[in-house]
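Trainee: Sharing a model that was predicted from the sequence below.
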Amino acid sequence: MFSLGVMQPDGSGERIMTQGFTVESPSFCPNGRVLAYCRQSRAGAGGSGFSSTIGMVDITGFNDRVLPTPEGASDPAWSPLNG
């Protein structure tokens, strides 16, 4: 099992944001309040292998959700804020 988390620069205040079979490629949104990541899971019924999706979780570690993306999505990235 893999985990994504945050902590203070001195190593204190560690907080796990999400866990899963494979969670990787974290990317904070420009305002630092949401973390996007790639999540791999076993393929659904009748499928073989794994599929990748993009997940998002807010900085509190709650509201962990999967984004509706094409199958095989990976390596999330954010655009800069406008204005």
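Mentor: That came through fine.
Trainee: give me the low-pLDDT residue ranges for this structure?
Mentor: 42-49, 81-83 (pLDDT under 70).
Trainee: again, only using 50
Mentor: Applying pLDDT under 50 to the chain flags no residue at all.
Trainee: center of it - which residue?
Mentor: Nearest to the mean C-alpha position of the chain, by Cα atoms, centre = their mean, lies residue 37 at 2.5 Å.
Trainee: My guess is that one contacts residue 64. True?
Mentor: No - at 9.7 Å, residue 37 does not count as touching residue 64 under the criterion of Cβ atoms under 8 Å. Quick note: C-beta positions are derived from backbone N, CA and C, even for glycine.
Trainee: quick revisit: OK, contacts around the residue nearest to the residue nearest to the centre of the chain when sequence neighbours are not counted?
Mentor: In space, and not counting its chain neighbours, residue 37 is closest to residue 26: 4.7 Å by Cβ to Cβ, 6 or more residues apart in numbering. Residues near residue 26 by Cβ atoms under 8 Å, 6 or more residues apart in numbering: 4, 35, 36, 37.
Trainee: For residue 26, give its distance to residue 70.
Mentor: 20 Å (Cβ to Cβ, to the nearest Å).
Trainee: Switch the contacts of residue 26 over to CSV; also include distance to residue 78.
Mentor: What follows is the contacts of residue 26, written out as CSV (distance: Cβ to Cβ, whole Å):
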residue, distance to residue 78
4, 16
35, 10
36, 7
37, 12
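Trainee: now, which of those sits nearest residue 56?
Mentor: Ranked by distance to residue 56 (Cβ to Cβ), the contacts of residue 26 are led by residue 36 at 5.1 Å.
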